[in-house]
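Peer 1: Provide a 3D model corresponding to the input given below.
(4 chains)
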2 protein chains.
Amino acid sequence: MSTQPAVECSIQRTLDLVGDRWTLLILRDLFRGVRRFSRIQEDLGIAKNLLTDRLGTLVDSDIVERVPYQDRPIRHEYRLTEKGRALSPALLALMRWGDQYVSGGLAPTELVHDDCGTRLELQPWCTTCNVPVVPTDISSRPGPGRHIGTEDTRA
Amino acid sequence: MSTQPAVECSIQRTLDLVGDRWTLLILRDLFRGVRRFSRIQEDLGIAKNLLTDRLGTLVDSDIVERVPYQDRPIRHEYRLTEKGRALSPALLALMRWGDQYVSGGLAPTELVHDDCGTRLELQPWCTTCNVPVVPTDISSRPGPGRHIGTEDTRA
DNA sequence: GTTAGTCGGTTGAAAATCGCAACTGACTCC
DNA sequence: GGAGTCAGTTGCGATTTTCAACCGACTAAC
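Peer 2: As a prediction, this is how the structure comes out:
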């Protein structure tokens, strides 16, 4: 029955859920407040059957919930759950990378801190040392969720 | 000639480059030090023709470079460029999300700060206030790279 | 009370992409 | 000279995606 090798990597497990060509863009729209089927569909230019399928998967995965916004006729919109909202660092990281390396440093959209208006950065942060951490100061080790054997663990 | 609507979102621009089912996993392997064609291929189980194609795209995009590691016969390995290494926050964010929401809090692999061994977190950080920022304290605004019109900008 | 329009889909067929297996070329090692 | 490794390429069937048409429930216009 279970000849399936366990996936021992959270990146892969994550991408299995949201790593296709459309899903992260759908989530981006939901973050931006575009929550209705037809709005998402026209905004992304995704085929309707695919949007149906992807939203269904997201709902099944508890990343998105389908909530009615009117009766007669009953219509639903899609909202991020807490699990879905927790993807915001990932989307922010992808966005900041695109700002820097694809948009040539000119961000099409900036995300700012409400309190002070400063544009947000996203960095690995050491909660013990209370400092930002650059890739060369990172090592990996097996965690409680099962380990991966690698030769070189430096990021 | 140019009926193409300009893509006004760095997330989309980023996903156009690395947002298919395999590319981020290939990059993860490169971060882990798996740099050779056959190693990546057997590690991921990706078809060879696809791996050839994806690595070619990554090299064209200057995210990865192809460097010889021996002559006779000449063989190359693939290494992240600075642009590629800059994707580490994105991969880390996806990994941490998977740890928390897919792996049930049990990280298969932990990334730790070399200096102190603390597991790394990834958070939006306000460089002015010097505090971490949660999604509800984030707003968006049009940046110099062209704006997006939205109804609701709250993350 | 028919007609048109909106929203959130479903269905079916064509087109694009993917996965698999076989093959290749340059070399090494025995 | 034969087997093996590595980094691919090629061809083909299987899967996915795209595109267009259609549908049901309802509203609003005439």
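
Peer 1: The closest residue to A:S61 other than its chain neighbours in helix, strand or coil?
Peer 2: Beyond its immediate neighbours in the sequence, the residue positioned closest to A:S61 (C-beta to C-beta, 6 or more residues apart in numbering or on different chains) is A:L17, lying 5.4 Å away. Heads up, the C-betas are built off the backbone N, CA and C, glycines and all. Following DSSP: H, G, I helix; E, B strand; the rest coil, we place A:L17 in the helix state.

Peer 1: So which residue is smack in the middle of chain A?
Peer 2: Most central residue of chain A, judged by C-alpha distance to the mean C-alpha position with C-alpha atoms, centre = their mean, is A:L87 at 3.9 Å.

Peer 1: So that one sits against A:L27, correct?
Peer 2: Yes. The criterion here is C-beta atoms under 8 Å, and A:L87 meets it with A:L27 at 6.0 Å.

Peer 1: What parts of chain A come near DNA strand D?
Peer 2: Contact residues, chain A versus DNA strand D (C-beta under 7 Å from any atom of the strand): A:20-22, A:45-50, A:53, A:72-74.

Peer 1: Please list all residues in contact with A:G84.
Peer 2: A:G84 makes contact with A:L27, A:L30, A:L58, A:I63, A:V64 under the criterion C-beta atoms under 8 Å, 6 or more residues apart in numbering or on different chains.

Peer 1: which ones among these are found in helices?
Peer 2: Judged by DSSP state H, the subset of the contacts of A:G84 located in helices is A:L27, A:L30, A:L58.

Peer 1: and the spatially closest residue to the last one that is not a sequence neighbour, what does it touch?
Peer 2: What it means is A:L58. Here the nearest residue to A:L58 in space, its sequence neighbours aside, is A:V64; by C-beta to C-beta, 6+ apart that works out to 4.0 Å. Contact analysis of A:V64 by C-beta under 8 Å, 6+ apart lists A:L27, A:L30, A:L55, A:L58, A:Y78, A:R79, A:L80, A:T81, A:G84.

Peer 1: Show me which of those are buried.
Peer 2: Under a neighbour-count criterion of 16 or more other C-beta atoms under 10 Å in any protein chain shown, the subset of the contacts of A:V64 counted as buried comprises A:L27, A:L30, A:L55, A:L58, A:Y78, A:L80, A:G84.

Peer 1: The fifth one and A:E42, how far apart?
Peer 2: A:Y78 sits at a distance of 15 Å from A:E42 (criterion: C-beta to C-beta, to the nearest Å).

Peer 1: that older thread, of the contacts of A:G84, closest to DNA strand D?
Peer 2: A:L58 (13.8 Å; C-beta to the nearest atom of the strand).

Peer 1: check contacts around that closest one.
Peer 2: Here A:L58 is in contact with A:V18, A:T23, A:I26, A:L27, A:V64, A:Y78, A:G84 (C-beta under 8 Å, 6+ apart).

Peer 1: Could you report the distance from it to A:R85?
Peer 2: In this view, A:L58 and A:R85 are 13 Å apart by C-beta to C-beta.

Peer 1: which neighbours do these two share?
Peer 2: Joint contacts of A:L58 and A:R85 (C-beta under 8 Å, 6+ apart) do not exist.

Peer 1: Pull out the buried residues from stretch A:33-42.
Peer 2: A:V34, A:R35, A:F37, A:I40, A:Q41.

Peer 1: Now the terminal residues of that stretch, how far apart.
Peer 2: 14 Å (C-alpha to C-alpha, to the nearest Å).

Peer 1: helix, strand or coil for the residue of chain A found nearest DNA strand D?
Peer 2: Minimum separation of chain A from DNA strand D (C-beta to the nearest atom of the strand) falls at A:P73, amounting to 3.6 Å. Three states are possible here, and by three-state DSSP the one that applies to A:P73 is coil.

Peer 1: confidence score at it?
Peer 2: Per-residue confidence at A:P73 stands at 91 (pLDDT).

Peer 1: Okay, the residue of chain A most remote from its centre and A:G117: tell me how far apart.
Peer 2: Relative to the C-alpha centroid of chain A, counting by C-alpha atoms, centre = their mean, A:R72 is the outermost residue, at 33.6 Å. Spatial separation of A:R72 from A:G117 under the definition C-beta to C-beta is 43 Å.

Peer 1: Which residue ranges of chain A form strands?
Peer 2: Assignment of strands within chain A using DSSP state E yields the ranges A:64-70, A:75-80, A:109-113, A:121-126, A:131-132, A:138-142.

Peer 1: Which one of those lies nearest to A:Q100?
Peer 2: strand A:121-126 (10.7 Å; C-beta to C-beta).

Peer 1: With just CA atoms, put the closest one into PDB.
Peer 2: Backbone C-alpha positions of strand A:121-126 (Å, rounded to 0.1, in the frame of the first residue of the first chain) are rendered in PDB as follows:
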ATOM      1  CA  GLU A 121      11.800  44.400   4.500                       C
ATOM      2  CA  LEU A 122      11.700  40.700   5.000                       C
ATOM      3  CA  GLN A 123      14.600  39.000   6.700                       C
ATOM      4  CA  PRO A 124      15.400  35.900   8.600                       C
ATOM      5  CA  TRP A 125      15.500  37.100  12.200                       C
ATOM      6  CA  CYS A 126      17.300  35.500  15.100                       C
END
